[in-house]
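Participant: Please find the sequence and the predicted model below.
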Amino acid sequence: MPNQPAATAAPGPLRSRLPTAGWSHRNLLDLEELTAEEISLILDTAVLCKEATAGCRRKIDVLAGSAVVNLFFENSTRTKTSFSLAARRLGADVIDFSASTSSLSKGESFIDTAKNLEAMGIDAVVVRHATPGTPHLLAGHLNVGVINAGDGPHAHPTQGLLDILSIRERLGDLRGLTVGLVGDIAHSRTARSNLWGLTKLGAKVILCGPPTLVSDRWRELGVEISHDLDAILPRCDVLNLLRIQFERQHTSPFPSVREYAHLYAMNRDRLRRAKQDLVILAPGPINRGVEVTADVADCPQSLILDQVTNGLAVRMAVLWLICGARQQAVGQSTDDGAGSRRIV
Amino acid sequence: MASMLIRGGRVVDPSQGIDRIDDLLIRDGLVVAIGQTGSQPLGKVDETIAAEGLVVTPGLIDMHVHLREPGREEDETIETGTRAALAGGFTSVACIPNTEPPIDTQANVEFIRQKAARADTCNVFVVGCVSRERKGKELAEIGQLVEAGAVAFSDDGSPVYDAELMRRAFEYCRMFDKPILAHEEVLELSRGGVMNEGLVSLSLGLKGMPAAAEEVMIGRDLALAEVTGGRLHVMHVSTAHGVDLIRQAKTRGIRVTAEACPHHFTLTDESVRGFDSNFKMSPPLRTAADVEGILVGLADGTIDCLATDHAPHAPEKKLLELDRAPFGILGLETAVGLCVTRLIETGRIGWLRFVEAASQLPAEILGVNRGTLRPGGVADVTLIDPNLQWRVDATQFASKSINSPFDGWTLTGRAVATIVAGRVKYRLR
């Protein structure tokens, strides 16, 4: 058993505040599968974590005895660091596992790699992979919690959650807000996770970019499509400026970076024509001068650094919900039913 | 050799316009007669098969099967693949030459024929490569391959990319009256794709393969077939517009035939939402509108025949990330069940049309002496229980692989006996 029953490492009241009653998922794979209530539950838990850790700076030990593996098949610095720190802030042990240093380079399949880690008695796997659906495949083969830290262009649920938490902190209730997601929608997992999260919470979403990166078919999901940033700018309460993922393209989706920046970069001139209290997000790493000019990235409306803190808070919340529910299940059950049953 | 009476079944043979309850008499591996038991004493019959309640058809022919041997015996062999064919009710298969090495020489054709003879299962008709080493650069020795027994030509797995080479192939094959079986795909449009391009691929963030990638190439090959007078057979057509293009071409008198696969009229790209690579094949699963287009095309004869594109891959190859897993799924052992369930039970086509599409026309397209129960013909016969409900269990397949998206499905209709040249080669237990 990887975990002791909940009581042994209890920090008292904080652990009892974990709102697991509304949480029934073993994994966090994408926001599409969550209800508005479940998304709000994670956000509320993130706020709780933020408060309990003095703004993500102090450590609490609600997950003492749990072990989390960062299983990253694709390079990442910020997300991996954020997950590691979040897990440590909760008192969990963290193991970093990257594909380049592992037996994957010796030909082992990713499922075998994950099963090996599972056999070592871990509680959750944080997985990043270049191929959409890989966390879902792992979840089908493992009995531990699987947290998607980005699967190709498909989903990056904690990024969507931290963006939404940042908006909520600044503007309050999301209902009625208009959020423009600008840029490389085609290859952006951030766009997809934002789209699901925002629409479920009642915001209006506009996807904006050239037709080579913004398909008309998104309309079928009830979102607005625009190829003209200047036209939608005055209506937006929030702009989320998505990075152009040059590395995912076979042929360039626009003639030049210069032309793209001319049409879509958020600069001081555009900022003047936007709402006074416009909020600007960027998931990073940003290409300064492409999606956003340097002065706008650093302006008061920019929440780019809030996003980093909220990333920690959201990841703490997700780890706590998933590992905490697991601890409770293990604590309450002596047979193998709770451990091996797929909760979702 | 022995005689056999298949008694009291519903004999369906579109080549003779027959669809009636009757007896079928076989002697020395040949069909003797249908239904003369009343007027003419039969004498002693060595074996009688009670076929009451069963459909009796000329042996089914799957003209699109990947047997994988030589080169990828871990996925399938000629023996296991043909046993899977028998278990699925097929008395003949045409094997596609994208093996390692590809079937582009007389020696390779001979290898397959010998292996098939040794397996002693169903008939194996050999499809030869269009291009040498299947590289798309120069024609394979098509005349030599015909002499060795090749019945058609294909670089399937890939399109014949050089349009001039394709034109030459059409022209050259006219000399032998052989069809070119074409995999239609513009690779620049489908590059990196793992599924149909559409709302589902957009949602899942998966790279899509647009319908246009298939349709543009169908259009090119129809134009080349028209200009050369060559015979084009469009493999695994998967889009509604592709069916339209073929329909128009037939009206214009272009020598074109086409096949559709059961998965393309049963599943849509919605199935890929589970990220299971058993739903990954090329061309990919399309939309409900495409499924409807194929069903209409099958019913009106635009799509001549049914084929499975049986494409075995060992489990360890399929159990990978979606972009690393290979394209292709099994087809032989679920085809009859899917056709009965999806085509016949739903009233989209009748039994005569089914047998035409699964036996008579494949034989005609390949120019092989099968697909009929005419007296004097080879007694390849399939017995189908049209009402049998059964659960697909991939672990019980005769195939060496298990990559079926239909594992666990309940289907209606199954081959219960498969007879090749008068010998019972398979019986469902």
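Facilitator: Nice, I can see it. Remember, it's a predicted structure, so these values are computed and weren't measured experimentally. Residues are numbered from 1 along each chain as shown, chains lettered A, B, ... in the order given.
Participant: Find the helix or strand that the closest residue in space to B:V55 that isn't next to it in sequence is a member of.
Facilitator: The shortest distance from B:V55 to any non-neighbouring residue, by Cβ to Cβ, 6 or more residues apart in numbering or on different chains, is to B:I384 (4.5 Å). (Each C-beta comes from the backbone N, C-alpha and C, glycine too.) Secondary structure from DSSP states H and E places B:I384 in strand B:381-391.
Participant: Would you mind listing what in chain B touches chain A?
Facilitator: Applying Cβ under 8 Å from any Cβ of the partner chain, we find that chain B lies next to chain A at B:191-192, B:198-199, B:202-206, B:274-275, B:316, B:319-324.
Participant: In helices, which of those residues fall?
Facilitator: Residues of the residues of chain B next to chain A located in helices (DSSP state H): B:L199, B:L202, B:S203, B:L204, B:E316.
Participant: which ones are touching the residue nearest to B:V55?
Facilitator: For B:I384, the contacting residues are B:L54, B:V55, B:T57, B:G89, B:V336, B:V340, B:G413, B:R414, B:A415, B:V416, by Cβ atoms under 8 Å, 6 or more residues apart in numbering or on different chains.
Participant: How about B:I180?
Facilitator: Counting by Cβ under 8 Å, 6+ apart, B:I180 touches B:130, B:152-154, B:160, B:166, B:169-170, B:173, B:230-233.
Participant: With respect to chain A, which of those residues is nearest?
Facilitator: If you rank the contacts of B:I180 by distance to chain A using Cβ to the nearest Cβ, B:V160 comes first, at 22.5 Å.
Participant: I'd guessed the closest one sits against B:K137; true?
Facilitator: No. B:V160 is beyond contact range of B:K137, at 10.4 Å (criterion: Cβ atoms under 8 Å).
Participant: hey, what's in contact with both of the two?
Facilitator: Shared contacts of B:V160 and B:K137 (Cβ under 8 Å, 6+ apart): B:S131.
Participant: These two: who's more crowded?
Facilitator: A count of neighbours by other Cβ atoms under 10 Å in any protein chain shown puts B:V160 above the other of B:V160 and B:K137, at 30 against 11.
Participant: Need the pLDDT of the more buried one.
Facilitator: What the model reports as pLDDT for B:V160 is 96.
Participant: the strands in the stretch 151-300 of chain A, which residues?
Facilitator: Under the criterion DSSP state E, counting those that start in this stretch, the stretch 151-300 of chain A carries strands at the ranges A:178-182, A:204-208, A:224-226, A:238-241, A:279-281.
Participant: Point out the most buried one among the ones you listed.
Facilitator: Comparing the strands of the stretch 151-300 of chain A by mean neighbour count (mean count of other Cβ atoms under 10 Å in any protein chain shown), strand A:238-241 ranks first with a mean of 28.
Participant: Report the distance from that strand to the chain centre.
Facilitator: In terms of Cα atoms, centre = their mean, to the nearest Å, the gap separating the centre of strand A:238-241 from the centre of its chain is 16 Å.
Participant: Adjacent strands (with direction) for it?
Facilitator: Paired with strand A:238-241 in the same sheet, following DSSP bridges, are strand A:178-182 (parallel), strand A:279-281 (parallel).
Participant: and the angle from the longest one to strand A:204-208?
Facilitator: Between strand A:178-182 and strand A:204-208, the angle formed by their directions is 20 degrees, by axes from the mean of the first three to the mean of the last three Cα atoms, to 10 degrees.
Participant: Show me the shaky parts of the stretch 51-200 of chain A.
Facilitator: By pLDDT under 70, the weakly predicted segments of the stretch 51-200 of chain A are A:100-107.
Participant: Quick check: closest non-adjacent residue to the closest residue to chain B within it.
Facilitator: Per Cβ to the nearest Cβ, the residue of the stretch 51-200 of chain A with the smallest distance to chain B is A:G133, at 2.8 Å. Counting by Cβ to Cβ, 6+ apart, the nearest residue to A:G133 once its immediate chain neighbours are dropped is B:F275, at 2.8 Å.
Participant: CA atoms only: put the helix or strand harbouring B:A363 into CSV for me.
Facilitator: Following DSSP H and E, one finds B:A363 within helix B:361-366. What follows is helix B:361-366 as a C-alpha-only set of coordinates in CSV (Å, rounded to 0.1, in the frame of the first residue of the first chain):
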residue,chain,number,x,y,z
LEU,B,361,-18.4,-9.0,-59.2
PRO,B,362,-15.1,-9.5,-57.4
ALA,B,363,-14.6,-12.6,-59.6
GLU,B,364,-15.5,-10.6,-62.7
ILE,B,365,-13.2,-7.7,-61.8
LEU,B,366,-10.3,-10.1,-61.1
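Participant: How far does that helix sit from its chain's centre?
Facilitator: 11 Å.
Participant: picking up where we left off before, and the contacts of B:I384, which two are the farthest apart?
Facilitator: Maximum pairwise distance among these (Cβ to Cβ): 13.2 Å, between B:T57 and B:R414.
Participant: Settle it for me: which of these two has more neighbours?
Facilitator: Remark: of B:T57 and B:R414, B:T57 carries more neighbours, 30 against 22, as counted by other Cβ under 10 Å.
Participant: contacts for the strand or helix carrying that one?
Facilitator: Per DSSP H and E, B:T57 falls inside strand B:55-58. Strand B:55-58 is contacted by residues B:6, B:9-13, B:15, B:24, B:351, B:355, B:358-360, B:370-373, B:380-386 when judged by Cβ under 8 Å, 6+ apart.
Participant: Which SSE is immediately downstream of it?
Facilitator: strand B:60-65.
Participant: who does that following strand touch, helix- and strand-wise?
Facilitator: Under the contact definition 3 or more Cβ pairs under 8 Å, 6 or more residues apart in numbering or on different chains; DSSP states H and E, strand B:60-65 sits against helix B:78-87, strand B:90-95, helix B:335-339, helix B:361-366.
Participant: Filter the contacts of strand B:55-58 down to the buried ones.
Facilitator: Buried members of the contacts of strand B:55-58, counted by 16 or more other Cβ atoms under 10 Å in any protein chain shown: B:6, B:9-13, B:15, B:24, B:351, B:355, B:358-360, B:370-373, B:380-386.
Participant: can you list the residues of chain A near chain B?
Facilitator: For chain A, the contact set with chain B under Cβ under 8 Å from any Cβ comprises A:32, A:109-111, A:129-134, A:136-137, A:151-155, A:187, A:189, A:192, A:215, A:217-218, A:220-221, A:250.
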